[in-house]
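Engineer: can you look at this prediction? I've put the sequence above it.
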2 protein chains.
Amino acid sequence: MLVVITYDVSTIDAAGRKRLRKVSKLCQDYGIRVQNSVFECVVDSTKLRQLKYKLVETINEEQDSLRIYRLGDNYQTKVEHIGVKDTFDLEGTLFI
Amino acid sequence: MLVVITYDVSTIDAAGRKRLRKVSKLCQDYGIRVQNSVFECVVDSTKLRQLKYKLVETINEEQDSLRIYRLGDNYQTKVEHIGVKDTFDLEGTLFI
């Protein structure tokens, strides 16, 4: 299934930037980054459970916000993109 | 249906911040802001068409990235939240 993960953290703070890097790395182990704080992962329920466990371990639940959207298996027609595909990255690497 | 709209723009630039404010305002006319650049709108297909038209008019397609996810009518079990519910807002207002 396609899972969309959105993550909100104030990156003004160094600890926040570190958490964002970790969340980004985790999500990229399971999928791709499509926007600065939006990741798309095609996973089964076991992988999703693993990923969620790791994310909860990583974020600061009192400061950060994480939302997980499950779009199911037939997701191709449910996703639409408008504008540039390049995503400027807070860590300095360009993701396409 | 539930529609999730994610928006990516470099807000270092004043014009970008202005576009973000406009996108935010537009999306809030149709739904709510759940994270800094993530909006959830419960709309029918006519309203979605209207919103998309306005969004395309507003963004800079050469600089900004907009993704639209359609989660259908039975979306309640497809959305999960972890962490804080408050969203710090780039425009200085706190959204809950």
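Structural biologist: Arrived safely.
Engineer: any idea which helix or strand carries the residue nearest the centre of chain A?
Structural biologist: By Cα atoms, centre = their mean, the mean C-alpha position of chain A lies nearest to residue A:39, the distance being 3.3 Å. Following DSSP states H and E, one finds residue A:39 within strand A:38-42.
Engineer: now do that strand against strand B:38-42, angle only.
Structural biologist: Note on geometry: by axes from the mean of the first three to the mean of the last three Cα atoms, to 10 degrees, strand A:38-42 and strand B:38-42 are set 70 degrees apart in direction.
Engineer: what does strand A:38-42 contact?
Structural biologist: With Cβ atoms under 8 Å, 6 or more residues apart in numbering or on different chains as the test, strand A:38-42 has contacts from A:1-7, A:24, A:27-28, A:30-34, A:47-48, A:51, A:79, B:6, B:8, B:38, B:67. For the C-beta atoms, the positions are set from N, CA and C on the backbone; glycine is no exception.
Engineer: one more pass at 10 Å, please.
Structural biologist: A:1-7, A:23-24, A:26-34, A:47-48, A:51, A:67-69, A:71, A:73, A:75, A:79, A:87, B:4, B:6-8, B:35, B:37-38, B:65, B:67, B:69 (Cβ atoms under 10 Å, 6 or more residues apart in numbering or on different chains).
Engineer: with just CA atoms, put that strand into PDB.
Structural biologist: Taking C-alpha atoms only, strand A:38-42 is exported to PDB below (Å, rounded to 0.1, in the frame of the first residue of the first chain):
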ATOM      1  CA  VAL A  38       6.400  14.700   2.900                       C
ATOM      2  CA  PHE A  39       7.500  11.200   2.200                       C
ATOM      3  CA  GLU A  40       5.800   8.400   0.200                       C
ATOM      4  CA  CYS A  41       6.400   4.800   1.100                       C
ATOM      5  CA  VAL A  42       5.100   1.700  -0.600                       C
END
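Engineer: mind checking how far the nearest residue to residue A:31 once chain neighbours are set aside is from chain B?
Structural biologist: Spatially, and ignoring its direct neighbours in sequence, residue A:31 is nearest to residue A:41 (2.9 Å; Cβ to Cβ, 6 or more residues apart in numbering or on different chains). Distance of residue A:41 to chain B, given as Cβ to the nearest Cβ, to the nearest Å: 13 Å.
Engineer: what number of residues lie near residue A:55?
Structural biologist: Residues near residue A:55, counting by other Cβ atoms under 10 Å in any protein chain shown, number 21.
Engineer: my read is that it contacts residue A:5, right?
Structural biologist: Yes. Residue A:55 lies in contact with residue A:5 (Cβ atoms under 10 Å); the separation is 7.5 Å.
Engineer: give me the common contacts of those two.
Structural biologist: Common neighbours of residue A:55 and residue A:5 (Cβ under 10 Å, 6+ apart) are A:23, A:26-27, A:30, A:66, A:68, B:82.
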